[in-house]
Structure formats: structure tokens, C-alpha cells
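> Build me a structure from this.
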Amino acid sequence: MRRTYLGEFEELVLLMIVILDGQAYGVTVSQEIEEHTGRVVTFGAVHNTLIRLEEKGFVTSELGGATTERGGRRKRLFKVTTLGSRALQDIQQLRNKLWHLMPDGALKTIGL
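Okay, here's the model as predicted:
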């Protein structure tokens, strides 16, 4: 089976969906990424990423209940699928493997 590439921002969004545990929608994902990473993200970037992740089969979405705070509009809530969970596990294993391959003190030799 061919693996679908998972970009760095897609990884952040997927991780945040897991962390938000059923309460993930565009605005909360954007806010939480900014809060936890210090990285300024636009709602549009997150929204496009959520759509792309859904097209890849890494997340599913459903409409939540209407709320007065949103003028009666419903939130589109996202959940990570089994495929998305597997992609996160794969990237974590790959990153760990690469970090362990790095020689001791390698970052110091390049000034980091």
C-alpha cells in the first residue's frame, strides 16, 4: 500500500485534533496551535489543511449542534481516523529513529 505524505503543518493539525478530543474545529485548532507553539497561523491555513486531511482520509468531520454564540451556525467537528492515527505513529517512529541516528554532540558542532 502506498503511503500518503504527511507535511509538517498537517502533522501539527492532526496532533491538535487528537489533543482536543472531540472538540476540534477550525477556530479551536488555530488557537491551540498558536498557544502551544507560538506560531501565528491563519484560520484559512488551518481550514485548508483540515479539508486536505479529510480528502486524504486522515480525519472525518461532522456537524455539531447549533450555538447561540455562533449565531445559530453549527461547528464542523473533526476526529482523527485510524489511517490518521497510523500516520502520526509512523512519523513519530521515523523522527525518533532519525534523532537516535544523530551522533552525540552533532548539534553542538554546528553551533546549535
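> Just the strands from the chain, written as ranges.
59-66, 74-80 (DSSP state E).
> and those strands, which one is worst for confidence?
When the strands of the chain are compared by mean pLDDT, strand 59-66 comes last with a mean of 87.
> strand partners of that one, parallel vs antiparallel please.
With DSSP bridges as the test, strand 59-66 is paired with strand 74-80 (antiparallel).
> Alpha carbons of the strand it pairs with, as PDB, please.
Only the C-alpha atoms of strand 74-80 are listed here, as PDB (Å, rounded to 0.1, in the frame of the first residue of the first chain):
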ATOM      1  CA  ARG A  74     -23.200  24.700  13.600                       C
ATOM      2  CA  LYS A  75     -19.500  23.800  14.100                       C
ATOM      3  CA  ARG A  76     -17.800  21.200  11.900                       C
ATOM      4  CA  LEU A  77     -16.000  19.000  14.400                       C
ATOM      5  CA  PHE A  78     -13.100  16.800  13.300                       C
ATOM      6  CA  LYS A  79     -11.800  13.400  14.500                       C
ATOM      7  CA  VAL A  80      -8.700  11.600  13.500                       C
END
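> do you know how far the residue nearest in space to the middle of the chain is from residue 85?
Of all residues in the chain, the one closest to the mean position by CA atoms, centre = their mean is residue 13, 1.8 Å from it. With the distance defined as CB to CB, to the nearest Å, residue 13 ends up 14 Å from residue 85. In short, each C-beta sits where N, CA and C put it, glycine included.
> try residue 6
From residue 6 to residue 85 the distance is 12 Å (CB to CB).
> okay, those two: which has more neighbours?
Comparing residue 6 with residue 85 by other CB atoms under 10 Å, the one with more neighbours is residue 6, at 18 against 13.
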